[in-house]
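A.B. asks: I'd like to go over a predicted model; first the sequence, then the structure.
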There are 2 protein chains.
Amino acid sequence: MESTEVTERTPSEASRDIPEATVARLPVYLRALTGLSEAGTATCSSEHLATAAGVNSAMLRKDLSHLGSYGTRGVGYDVEYLRYQIAREIGVTQDWPVVIVGIGNLGHALANFSGFRSRGFRVVALLDADPRRHQEVVAGVDVRPFSDLEAIVHEHGVAIGVISTPAPAAQDVADHMVAAGIRSILNFAPTVLAVPPGVDVRKVDLSIELQILAYHEQRKALGAAAVERPVDGALEGRPA
Amino acid sequence: MESTEVTERTPSEASRDIPEATVARLPVYLRALTGLSEAGTATCSSEHLATAAGVNSAMLRKDLSHLGSYGTRGVGYDVEYLRYQIAREIGVTQDWPVVIVGIGNLGHALANFSGFRSRGFRVVALLDADPRRHQEVVAGVDVRPFSDLEAIVHEHGVAIGVISTPAPAAQDVADHMVAAGIRSILNFAPTVLAVPPGVDVRKVDLSIELQILAYHEQRKALGAAAVERPVDGALEGRPA
DNA sequence: CCGTGTGAATTAATTCACAGCG
DNA sequence: CGCTGTGAATTAATTCACACGG
C-alpha cells in the first residue's frame, strides 16, 4: 500500500462546489444562527448575521450565494430556515459517530466536550494503547484498547477519527484509522500526518496558534518605530 | 470605551511585511526543522524540508524568501541556522508569559501541555472564577481568582491570554484581558469575541473543525454518483 | 425603498518555470 | 550541475457597487 505522499488536497474528490474558505465559515454562521434563534430572533439581515459571525456582510452574502438563494430581498433571512439549510449543507442534520484515540488530558477534555454532542457528533468510543487506562470510564464511555479500533469502526460506521495522542504515536494511529476505513481525521498531535489521497486531515495545533500570536505581538512591541527588517547585520552565526 | 466593532484585521498595525499565510506556516517549518535537527540532519533541501512540513517545495521557498536569503544555492539550508532565523522572526527566541483563564477540563489539558513550555511560552498563572477551584494546583501552578488578572498581567508582563472558559463567560474574560493590557488572545470558547482594534484574537474551535470534516465526508459518501446539487426541489419547509 | 444576490474589480495566495549562484 | 530565489502566470478569496425583486 503506497502512502508515501504527504497529504495535499484537503478537499478530496467531489469538492468542486463550495469554495474551501466558505466551507470553513459555514459552521460559524450556523452557530451564530443558533444564537439568534435562542434569542428569539425570527428574521435577520446579512448585516446582522455577519456581525454575529464576525465577518463583513458582503462576504456573508457571497458565501450564502454558493448554497442557493435562501433570503428575501428587502427583508433578510428566516433564521430557522437558513439554519436548517446550512446544517443540511454541512451534513450535521444527521449524527456522525466519532472515535477518539488517546485519552490523556486532552482526550479527557474532548470526551467531555458537550459541544460535540449538540452539534451533530456522537463519541462512540474512547481508545488508548495504555492498559492502565482501560479501567477508566470517561464521560460515560469506557476506555478500550486501541486494538479494538477496527471492530468499533465497523460496528458503528465511524467515518471520523480524532487523534489526541502524543506526537510520536500519531502517525501509527492515523495509519490504523485509515486501514480501518476512516477517511476524515482531526489531529491534535503536533505532527504532520502522511495519509493516502482521499483521506482528509485537519489539524489543531495549540503551540502553532500561540506562535502566530507571538509573531504579531512581537511586531506590536516594536512600536511605530523601526518596523523595517534589521537593516543589515543580524547575521549572527552564519554558517561557513 | 467604544468596542462595538467586531474584530477584523487579525494582523494589526505593523504587519506590512510577511504575508499572513506565510506567518501561519512558519511555526510548521520550525517544528519540522526541530525534528530534522533531532534526527541529526545538518543540511536539507527545500524538497526535504517541504516534505517534512507537508507543503510543496515551491511554496516553502517562496515563504522563506520573505524572511531573507538563508539557503545556499546548489546545496540547501543549514538546519540549525534556518531554525534560529525562523524562531527569531516568529519571536520565540524569547519566552512569552501566558495566562490561562478557565481551568475546566480543557484548561487542565492546556496547563499540562508540555509543548507550550518547550516552544517559547511559559504559563505564569491559571485563573478561574469558581472559588471551589482555588484550592487546586495544576501542573505546578496554583489556580487563582479571576480578579487577580490585572495584577498578574502587570507583574509578569503578560501579553498573551488564553481563554478556555465556557462560551457565555468568554466575552467578559476577553474584556477584562483587554482592560488589563493583553493584546493577543487565543480563544477556545465557541463564541465570536468582539475586541477593539489592535487586539489580535485567534480561535480554536473543536466543533467547527469537525463540521468541516463532516462536510467533506458527506461529499465522499455521495460517491462518484450525482455530485451536483439536488437538481431542484430540496425546498423542504420553505417559509411563506 | 431596502436588502439580497451577483458580476466585475481587487487583492491575496499559490504554482510555474527558469535565471543565476555556489 | 543542482538547488535556491524570484519574477511572471495562475488561481483563489475578498471586496465593491449596483441591478433586481419583494
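C.D. replies: Ah, there it is. Numbering: from 1, shown residues only, chains lettered A, B, ... in the order given.

A.B. asks: Next to DNA strand D, which bits of chain A? Give me the list.
C.D. replies: A:19-22, A:55-56, A:58-59, A:61-62, A:72-75 (CB under 7 Å from any atom of the strand). From N, CA and C alone the C-beta is placed, and that goes for glycine too.

A.B. asks: Distance from the chain centre to the longest strand seen in chain A, please.
C.D. replies: Of all segments of type strand in chain A, defined using DSSP state E, the longest is strand A:121-128. With CA atoms, centre = their mean, to the nearest Å as the basis, strand A:121-128 stands 16 Å off its chain's centre.

A.B. asks: Shouldn't residue A:98 be within a strand?
C.D. replies: Yes: using DSSP: H, G, I helix; E, B strand; the rest coil, the assignment for residue A:98 is a strand.

A.B. asks: bridging residues for it?
C.D. replies: residue A:123, residue A:160 (DSSP bridges).

A.B. asks: Report pLDDT for it.
C.D. replies: Note on residue A:98: pLDDT of 98.

A.B. asks: give the contact list for it.
C.D. replies: Residue A:98 makes contacts with A:116, A:121-124, A:158, A:160-162, B:210, as judged by CB atoms under 8 Å, 6 or more residues apart in numbering or on different chains.

A.B. asks: could the residues you listed go into JSON lines alongside distance to residue B:101, neighbour count and pLDDT?
C.D. replies: Shown next, in JSON lines, are those (distance: CB to CB, whole Å; neighbours: other CB atoms under 10 Å in any protein chain shown; pLDDT from 0 to 100):
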{"residue": "A:116", "distance to residue B:101": "22", "neighbour count": "21", "pLDDT": "89"}
{"residue": "A:121", "distance to residue B:101": "26", "neighbour count": "23", "pLDDT": "97"}
{"residue": "A:122", "distance to residue B:101": "30", "neighbour count": "12", "pLDDT": "96"}
{"residue": "A:123", "distance to residue B:101": "26", "neighbour count": "20", "pLDDT": "97"}
{"residue": "A:124", "distance to residue B:101": "32", "neighbour count": "18", "pLDDT": "97"}
{"residue": "A:158", "distance to residue B:101": "34", "neighbour count": "23", "pLDDT": "98"}
{"residue": "A:160", "distance to residue B:101": "30", "neighbour count": "20", "pLDDT": "98"}
{"residue": "A:161", "distance to residue B:101": "30", "neighbour count": "28", "pLDDT": "98"}
{"residue": "A:162", "distance to residue B:101": "25", "neighbour count": "29", "pLDDT": "98"}
{"residue": "B:210", "distance to residue B:101": "24", "neighbour count": "25", "pLDDT": "98"}
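
A.B. asks: mind listing what residue A:204 touches?
C.D. replies: Counting by CB under 8 Å, 6+ apart, residue A:204 touches A:186-188, B:204, B:206, B:209.

A.B. asks: at 6 Å instead, please
C.D. replies: With contact taken as CB atoms under 6 Å, 6 or more residues apart in numbering or on different chains, residue A:204 is in contact with A:188, B:204, B:209.

A.B. asks: State the phi and psi torsions of it.
C.D. replies: phi -120, psi 120 (degrees, to the nearest 10).

A.B. asks: Apart from its neighbours in sequence, what residue is nearest it?
C.D. replies: residue A:188 (5.3 Å; CB to CB, 6 or more residues apart in numbering or on different chains).

A.B. asks: What pLDDT is listed against the one you found?
C.D. replies: Residue A:188 is given a pLDDT of 98.

A.B. asks: residues of the least confident helix or strand in chain A by mean pLDDT that come out buried?
C.D. replies: Scoring the helices and strands of chain A by mean pLDDT, DSSP states H and E places helix A:114-118 at the bottom, with a mean of 89. By neighbour count, with 16 or more other CB atoms under 10 Å in any protein chain shown as the criterion, the buried positions of helix A:114-118 are A:115-116.

A.B. asks: which of the residues of chain A next to DNA strand D lies closest to chain B?
C.D. replies: residue A:56 (7.3 Å; CB to the nearest CB).

A.B. asks: which residues sit against the least confident helix or strand of chain A?
C.D. replies: Residues contacting helix A:114-118 (CB under 6 Å, 6+ apart): B:190, B:207.

A.B. asks: got the CA positions of it in CSV?
C.D. replies: Coordinates of each C-alpha in helix A:114-118 appear next as CSV, following Å, rounded to 0.1, in the frame of the first residue of the first chain:
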residue,chain,number,x,y,z
SER,A,114,-20.6,18.9,25.2
GLY,A,115,-20.3,20.8,22.0
PHE,A,116,-19.7,17.7,20.0
ARG,A,117,-23.0,16.0,21.1
SER,A,118,-25.0,19.1,20.5
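
A.B. asks: how far out from the middle of the chain is the helix or strand where residue A:173 lies?
C.D. replies: According to DSSP states H and E, residue A:173 maps onto helix A:167-180. The chain centre lies 18 Å from the centre of helix A:167-180; the measure is CA atoms, centre = their mean.

A.B. asks: quick one: it to strand A:121-128, angle?
C.D. replies: Per axes from the mean of the first three to the mean of the last three CA atoms, to 10 degrees, the angle that helix A:167-180 makes with strand A:121-128 is 120 degrees.

A.B. asks: Other residues contacting helix A:167-180?
C.D. replies: With contacts defined as CB under 6 Å, 6+ apart, helix A:167-180 is touched by A:101, A:149-150, A:153, A:161, A:163, A:165, A:185, A:189-191, A:193, A:195, A:199.

A.B. asks: what's the domain layout of chain A?
C.D. replies: Here the domain assignment for chain A is A:20-90, A:96-207, based on automatic domain parsing.

A.B. asks: of all these, which lies closest to DNA strand C?
C.D. replies: The closest of the domains of chain A to DNA strand C is domain A:20-90. By CB to the nearest atom of the strand, the value is 2.9 Å.

A.B. asks: check whether that closest one contacts DNA strand C.
C.D. replies: Yes: with CB under 7 Å from any atom of the strand as the criterion, DNA strand C is reached by domain A:20-90 at A:44-47, A:57-58, A:61-62, A:64-65, A:69-77.

A.B. asks: Now which of those would you call buried?
C.D. replies: Buried members of the residues of domain A:20-90 next to DNA strand C, scored by 16+ other CB under 10 Å, are A:44-46, A:61, A:64, A:70-71, A:76-77.

A.B. asks: Among those residues, which are located in strands?
C.D. replies: A:44, A:71, A:76-77.

A.B. asks: got any ranges where chain A has weak pLDDT?
C.D. replies: Residues of chain A meeting the criterion pLDDT under 70: A:1-16, A:223-240.

A.B. asks: quick one: contacts for residue A:28?
C.D. replies: When contacts are counted by CB under 6 Å, 6+ apart, residue A:28 touches residue A:53.

A.B. asks: And it, how close does it get to residue A:69?
C.D. replies: From residue A:28 across to residue A:69, the span is 21 Å (CB to CB, to the nearest Å).

A.B. asks: Packing partners of the helix or strand hosting residue A:143?
C.D. replies: Element membership of residue A:143, judged by DSSP H and E, is strand A:141-145. Judged by 3 or more CB pairs under 6 Å, 6 or more residues apart in numbering or on different chains; DSSP states H and E, strand A:141-145 is in contact with strand A:121-128.

A.B. asks: what's in contact with the next helix-or-strand element following the strand it packs on?
C.D. replies: As assigned by DSSP H and E, the chain's next helix or strand after strand A:121-128 is strand A:137-138. Contact with strand A:137-138 is made by A:108, A:111, A:126, as judged by CB under 6 Å, 6+ apart.
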